[in-house]
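**Q** Coordinates only, no sequence provided:
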């Protein structure tokens with residue numbers, strides 16, 4: 001696998017592949033790093049809210065209240 005980060009100065013970008021990649025099907029993905037950071041933060045928030053309802057079934061019980069009453 002080859003991974004590189006670059007800052008293009010124009011819309012066209014070319015890559016030089018190793019010989020062993022020639023003739024193989026490869027995948028090239030382009031995305032702005034800033035986009036992945038924003039998406040990761042959104043995913044964490046959504047995961048939190050999605051988990052809250054499921055976890056509350058275990059948390060909101062008389063047994064849990066009893067276990068935590070002295071804290």
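**A** Sure, I can see it. Since the structure is predicted, the reported quantities are computational estimates derived from the model, not experimental observations.

**Q** I'd like the next helix or strand past the host helix or strand of residue 56.
**A** Taking DSSP states H and E as the criterion, residue 56 maps to helix 33-59. Downstream of helix 33-59, the first helix or strand assigned by DSSP H and E is helix 62-68.

**Q** Please enumerate residues in contact with that following helix?
**A** Applying C-beta atoms under 8 Å, 6 or more residues apart in numbering, the external contacts of helix 62-68 come out as residue 58. Heads up, the C-betas are built off the backbone N, CA and C, glycines and all.

**Q** Pull the distance from that helix to the chain's centre.
**A** Counting by C-alpha atoms, centre = their mean, to the nearest Å, helix 62-68 is centred 35 Å from the centre of its parent chain.

**Q** Show me what counts as buried in it.
**A** Neighbour counts using 16 or more other C-beta atoms under 10 Å place no residue of helix 62-68 among the buried ones.

**Q** So for it, mean pLDDT?
**A** When pLDDT is averaged over helix 62-68, the result is 85.

**Q** ditto for stretch 26-43
**A** What stretch 26-43 shows for mean pLDDT is 74.

**Q** which residues touch residue 13?
**A** Counting by C-beta under 8 Å, 6+ apart, residue 13 touches 6, 30.

**Q** for residue 22, same thing?
**A** Applying C-beta under 8 Å, 6+ apart, no residues contact residue 22.

**Q** any idea how far it lies from residue 16?
**A** Applying C-beta to C-beta, to the nearest Å, the value for residue 22 to residue 16 is 11 Å.

**Q** Repeat that for residue 64.
**A** 59 Å.

**Q** again with residue 52
**A** Per C-beta to C-beta, residue 52 is found 49 Å from residue 16.

**Q** Of those two, which one has the most company?
**A** The neighbour count for residue 52 versus residue 16, taken as other C-beta atoms under 10 Å, is higher for residue 52 (10 against 6).

**Q** What does the pLDDT read for the more buried one?
**A** 72.

**Q** From residue 59, how far off is it?
**A** For residue 52 relative to residue 59 (C-beta to C-beta), the value is 9 Å.

**Q** do the same with residue 1
**A** Residue 1 is 42 Å from residue 59, where distance means C-beta to C-beta.

**Q** out of those two, which sits in the busier spot?
**A** Ranked by neighbour count (other C-beta under 10 Å), residue 1 and residue 59 place residue 59 first, with 11 against 3.
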